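> sequence and predicted model, in that order:
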Amino acid sequence: MDDRALIQQQLSASRGILQRCVADVSDDEARRIPDPALAPIVWQVGQLASADAFIMQRAGVAPAPPVPATYAELFKTGTGGMADYPPLDAVAQVFEGTQDALLRAIAEADLAVPDEGPLGLWTNAAGLFAFANTHRWYHIGKINSLRGLLGKPRPLG
C-alpha cells in the first residue's frame with residue numbers, strides 16, 4: 001500500500017469510528033459540558049470539520065469543502081465552552097463534506113511538496129494529511145471521555 005492509499009484508508013477508518021461514537025448522542029447530550037476541562041461533543045466534531053478544511057487550505061487544494069463561515073471562530077482551538085452551537089446532525093454533515101473533500105484532495109495532491117508543520121509534526125503534504133488522522137484520534141478520545149461522563153458506553157477506551 002502506498003502513502004496515498006494508506007492515508008485515505010486511515011482517514012476512512014477514523015471517520016467510521018467517529019460516526020460510531022456520535023451515532024447515539026442526542027443534540028442535548030452533544031452540547032453538555034460534564035467537565036469544564038472538556039469541550040462538548042458537538043465542538044469536538046466541529047473542530048474536526050474546521051481542521052480538515054484548514055488542512056486542505058494549507059495544502060493549497062481547491063476547491064475547499066463547504067464549511068459555514070462561522071465555524072472557523074466557533075470551533076477554533078482554545079474555544080469550546082458554552083456557545084450557540086449548530087445541531088450535532090448539521091455539524092456532522094459538514095464533517096462528512098470535509099471528509100469527502102479531504103479524500104479527493106489526497107488523491108490529487110503532490111504528497112512530496114514540502115510543508116513544515118508546527119513543532120516538526122510534519123515535513124511535507126503527506127505528513128500534513130496524515131496529521132489530519134492523528135488529530136481525529138485525539139478528538140475521538142475526548143468524545144469517548146465525554147460519553148463516559150454522560151453515562152454512555154464508550155465504543156473505544
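Arrived safely.

> any weak-confidence spans in the protein?
62-63, 157 (pLDDT under 70).

> if I look at the residue nearest the centre of the chain, how far off is residue 98?
The centroid of the chain falls nearest to residue 48 when counting by CA atoms, centre = their mean (2.1 Å). Distance of residue 48 to residue 98, computed by CB to CB, to the nearest Å: 8 Å. All C-beta atoms are positioned from the backbone trio N, CA, C, and that covers glycine.

> for residue 119, same thing?
Distance from residue 119 to residue 98, by CB to CB: 23 Å.

> ok, these two, which is more surrounded?
Each of residue 119 and residue 98 has its neighbours counted (other CB atoms under 10 Å); residue 98 has more, 25 against 5.

> check contacts around the more buried one.
Residue 98 makes contacts with 48-49, 52-53, 56, 65, 67, as judged by CB atoms under 8 Å, 6 or more residues apart in numbering.

> do residue 92 as well
With contact taken as CB under 8 Å, 6+ apart, residue 92 is in contact with 19, 22, 45.

> need those residues in CSV with neighbour count and secondary structure, can you?
Formatted as CSV, the contacts of residue 92 follow (neighbours: other CB atoms under 10 Å; DSSP: H, G, I helix; E, B strand; the rest coil):
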residue, neighbour count, secondary structure
19, 13, helix
22, 23, helix
45, 25, helix
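
> how far does the top helix by length along the chain sit from its chain's centre?
As assigned by DSSP state H, the longest helix anywhere in the chain is helix 125-149. Here the centre of helix 125-149 is set off from its chain's centre by 7 Å, with CA atoms, centre = their mean, to the nearest Å.

> in it, what's buried?
125-133, 135-136, 139-140, 142-147 (16 or more other CB atoms under 10 Å).

> then stretch 107-122?
Of the residues in stretch 107-122, 109, 111, 115, 122 count as buried by neighbour count, 16+ other CB under 10 Å.

> go through these and name the one nearest residue 75.
When the buried residues of stretch 107-122 are ranked by distance to residue 75 (CB to CB), residue 122 comes first, at 21.5 Å.
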